[in-house]
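[1] Dropping a prediction and its sequence here:
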Amino acid sequence: MENIKAYVQQHKDRFINELIELLKIPSVSADTAYCQDVIDTANAVKASLEKAGCDFVEICDTPGYPIVYGEKIIDKSLPTVLVYGHYDVQPPDPMELWTSPPFEPVIKKTEIHPEGAIFARGSCDDKGQMYMHVKALEYMVQSNTLPCNVKFMIEGEEEVGSKSLSWFVERNQEKLKNDVILISDTGMISNQQPSITTGLRGLSYVEVEVTGPNRDLHSGLYGGAVANPINVLAKMIASLHDDDNHITIPGFYDKVQELSLEERAEMAKVPFNLEDYKKALDLTDVYGEKGYVTNERNSIRPTLDVNGIWGGYTGEGAKTVIASKAFAKISMRLVPNQDWSAITELFTKHFIRIAPAGVIVKVKPHHGGQGYVTPIDSIGYKAANMAYTETFGVPAIPVRSGGSIPIVALFEKELKSKTILMGFGLDSDAIHSPNEHFGIFNYLKGIETIPLFYKYFVELSK
Ligand code: BES
Ligand code: MN
Ligand code: MN
């Protein structure tokens, strides 16, 4: 495929401009104010798949946001690659921290991206990475090098738990039949060192509510005599970790798979510089579970984090008040074998049990999903590694990521196929944060690497 490089060079300005148009539509799935934009984005994705050369593309309605399905079947006896991605994005706030508006994409140079990066919400997660697959298809169709069948399934609810996708997958097993699932919605180590994600963490997300008195009270008249729900919530949350930063929920670690010392030694070989890590985040030190290093804490170990906490008076100045209620949103990142609904139950029981007399505690489960690990001796992994080796000049390193794509475990269960996570983003691309960006180098390298995956996957499948 000598020509893919030349094709990318020739068409790169158009590739960038097409992505910029897609990024202008604010497809925020979490906020119903953007409902029409999410639907418009689905239509834009549909049009792009038609233009790239799919024979059949449809918008599949679901109880929630639509799924864009497309396919090009060249020969039923050949293997089929199913590409998954998401066209929805995270909310952009806090708005004031963006150096340019989140839905007005601009290209700016950074230290890590000297060739420039596109700054916009969704540039890396996941519109940019999803669109690489559309352009890779365009190349393979134009150059008559598509070596197998391809199906696309692009959803609009990934950032809010993929409810409708589960519904869709359960009802369309035959239509979605494939030999391998290919996803670019993760990262790699650096632009010099590609990696393939071999694991994702599971997730349990809950919201808690602590109620004290039936109304807000004067903190002088009542202070000291009634439970303050905010004080209580803070204490309860603090008790969820011990002094070694282990999680204290009984049974929480029961199913956790401990890695062997050999596996941990293998992990330690992955290039990582703690000083650079701290510097990039302006941290005086790292923090976490005793007995594990940073790259273990954020991948092979489960965690519990408060994502938001509120209650009482937070306006200007001071108000002397004891609030009636306090709230928090809590996420638990889980590792393979920890079942997310079992963990949600353990949390709920424990949190209600530790509540002191004088308050009432409610726990509301949000969404969740199972973790995932994939072997490195599969044809798909090998094909991905061969593709990266060719375009980066060095083999990819297998890495377990700390992030979650809950639908991957469901794919394995319902569709009985393995997922290959070929990510091209960097941890520093600020996904979910203000100033999210995606390197032009990464975008074009992705478009170059993907057709090679198809080529090697088909060759190895023979
Ligand atoms: N693409 C991310 C997940 C990701 C990013 C995995 C980088 C590995 C490396 C995805 O869009 C995401 O944000 N997932 C959510 C979970 C979802 C249920 C809201 C997450 O990990 O918080
Ligand atoms: Mn994503
Ligand atoms: Mn995301």
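    It's in. Ligands and ions are numbered 1, 2, ... in the order given.

[2] Residue numbers of the stretch 51-200 of the chain in contact with ligand 2?
    The stretch 51-200 of the chain has residues Asp125, Asp126, Asp185 near ligand 2, with proximity defined as CB under 5 Å from the ion. Heads up, the C-betas are built off the backbone N, CA and C, glycines and all.

[3] Next up, the contacts around Asp254.
    The contact partners of Asp254, taken as CB atoms under 8 Å, 6 or more residues apart in numbering, number zero.

[4] Quick one: the residues of the stretch 51-200 of the chain next to ligand 2 as TSV, columns for secondary structure and neighbour count too.
    Below are those laid out as TSV (DSSP: H, G, I helix; E, B strand; the rest coil; neighbours: other CB atoms under 10 Å):
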residue	secondary structure	neighbour count
Asp125	coil	27
Asp126	coil	28
Asp185	coil	25
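
[5] Turn those residues into JSON lines, columns for pLDDT.
    Formatted as JSON lines, these follow (pLDDT from 0 to 100):
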{"residue": "Asp125", "pLDDT": "98"}
{"residue": "Asp126", "pLDDT": "98"}
{"residue": "Asp185", "pLDDT": "98"}
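
[6] Just give me the closest of those to Asn385.
    Using CB to CB, Asp185 is the member of these that lies nearest Asn385, at 18.5 Å.

[7] My guess is the closest one contacts Lys127. True?
    No - contact between Asp185 and Lys127 fails when scored by CB atoms under 8 Å: they sit 10.5 Å apart.

[8] From Met332, how far off is the residue in the stretch 251-400 of the chain that ligand 2 sits nearest to?
    Residue nearest to ligand 2 within the stretch 251-400 of the chain: Gly369 (12.9 Å; CB to the ion). As judged by CB to CB, to the nearest Å, Gly369 and Met332 stand 11 Å apart.

[9] what's the overlap in contacts for the two?
    With CB under 8 Å, 6+ apart as the test, Gly369 and Met332 both reach Leu203.

[10] still on that earlier bit, hey, what's the residue of the stretch 251-400 of the chain closest to ligand 2 bridged with?
    Assessed by DSSP bridges, Gly369 has beta-bridge partners Leu203.

[11] Run a quick neighbour tally on it.
    For Gly369, the count of nearby residues is 24 (other CB atoms under 10 Å).

[12] same deal with Ser417?
    When counting by other CB under 10 Å, one arrives at 17 neighbours for Ser417.

[13] who touches the least confident helix or strand in the chain by mean pLDDT?
    Lowest by mean pLDDT, DSSP states H and E among the helices and strands of the chain is helix 261-268, with a mean of 92. Contacts with helix 261-268, where a contact means CB under 8 Å, 6+ apart, come from Leu259, Val293, Asn295, Glu296, Ser299, Ile300, Arg400.

[14] quick one: which of the residues you listed sit in strands?
    Counting by DSSP state E, the part of the contacts of helix 261-268 found in strands is Arg400.

[15] List, one by one, the residues from this structure near ligand 1.
    For the chain, the residues in contact with ligand 1 (CB under 6 Å from any ligand atom) are 125-126, 158-159, 161, 185-187, 203, 367, 401, 403-406.

[16] which of the contacts of helix 261-268 are buried?
    Those of the contacts of helix 261-268 that meet the buried threshold are Leu259, Asn295, Glu296, Ser299, Ile300, Arg400, by 16 or more other CB atoms under 10 Å.

[17] Show me which residues of stretch 382-399 are buried.
    383-389, 391-392, 396-399.

[18] Ok, stretch 32-50 next?
    Within stretch 32-50, the residues that count as buried by 16+ other CB under 10 Å are Tyr34, Asp37, Val38, Ile39, Thr41, Ala42, Ala44, Val45, Lys46, Ser48, Leu49.

[19] One more: stretch 10-22?
    Neighbour-count burial for stretch 10-22, with 16+ other CB under 10 Å as criterion, is recorded at His11, Phe15, Ile16, Glu18, Leu19, Ile20, Leu22.

[20] And the next helix or strand past the strand or helix carrying Glu209?
    Following DSSP states H and E, one finds Glu209 within strand 202-211. Following strand 202-211 in sequence order, the next helix or strand is strand 217-218 (DSSP H and E).

[21] Any idea how far that next one is from the middle of the chain?
    Offset of strand 217-218 from its chain centre (CA atoms, centre = their mean, to the nearest Å): 43 Å.

[22] Quick check: mean pLDDT of that strand?
    Over the span of strand 217-218, the pLDDT mean works out to 98.
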